[in-house]
Structure formats: structure tokens, C-alpha cells
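Asker: Provide a 3D model corresponding to the input given below.
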Amino acid sequence: MCTGLRYLGRDVTFLRYPDQGHGFTGAALKDYWQRVNVFFDKYLKPDAPADPSGRRSQPN
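Answerer: Numbers count the residues shown, from 1 in each chain. All right, here's what the predicted structure looks like:
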């Protein structure tokens with residue numbers, strides 16, 4: 001899938017966490033969910049930009 005998306009010119013991030021299988025634990029799990037939430041904020045809530053820490057800014 002990653003190769004196909006690159007072929008189509010899409011932005012792709014491919015990550016492999018050391019010593020992790022299909023289910024993540026520890027720091028890998030924390031990093032995974034942070035990346036997922038940043039993705040959701042960017043594409044599902046574009047009116048609320050994410051700050052560098054990955055947290056969604058609250059409107060005033």
C-alpha cells in the first residue's frame with residue numbers, strides 16, 4: 001500500500017517500531033496514538049490547527 005500511494009504521488013509515512021508486532025506497547029503505542037490524533041486534527045478538524053506538541057488548539 002505504501003508503494004502504491006507513493007506511486008500516486010501521495011504523502012506517506014511508513015514507520016516500523018523496534019521489537020513491536022501488530023500490536024504496539026509502551027513508547028511505540030504512545031507515539032502511534034499521538035500521530036493518529038495529529039492526523040485526525042489535520043484532516044477532520046482543519047479549523048483547529050495542531051500545535052507542535054500534537055495537541056489541538058482550543059478556539060477562543
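Asker: okay, and the residue nearest in space to the middle of the chain sits in which element?
Answerer: In the chain, the residue lying closest to the centroid (Cα atoms, centre = their mean) is R35, at 2.6 Å. If you go by DSSP states H and E, R35 is part of helix 26-44.
Asker: may I see the buried residues of that helix?
Answerer: Of the residues in helix 26-44, 28, 38, 41 count as buried by neighbour count, 16 or more other Cβ atoms under 10 Å. All C-beta atoms are positioned from the backbone trio N, CA, C, and that covers glycine.
Asker: what about that helix, distance to the chain center?
Answerer: 4 Å (Cα atoms, centre = their mean, to the nearest Å).
Asker: go on, stretch 11-27?
Answerer: With Cα atoms, centre = their mean, you get 11 Å for stretch 11-27.
Asker: that stretch: end-to-end distance?
Answerer: 24 Å (Cα to Cα, to the nearest Å).
Asker: quick check: closest non-adjacent residue to L5.
Answerer: Nearest residue to L5, sequence neighbours excluded (Cβ to Cβ, 6 or more residues apart in numbering): V12, at 4.7 Å.
Asker: show me what contacts R6?
Answerer: V12 (Cβ atoms under 8 Å, 6 or more residues apart in numbering).
Asker: quick one, phi/psi of it?
Answerer: R6 adopts backbone torsions of phi -60, psi -40, taken as degrees, to the nearest 10.
Asker: so how far is V36 from it?
Answerer: 20 Å (Cβ to Cβ, to the nearest Å).
Asker: let me know the average pLDDT across the helix holding R35.
Answerer: Averaged over helix 26-44, pLDDT sits at 93.
Asker: which elements pack onto it?
Answerer: Contacts defined by 3 or more Cβ pairs under 8 Å, 6 or more residues apart in numbering; DSSP states H and E place helix 26-44 against no helix or strand at all.
Asker: tally of neighbours for G21?
Answerer: Using other Cβ atoms under 10 Å, G21 has 7 neighbouring residues.
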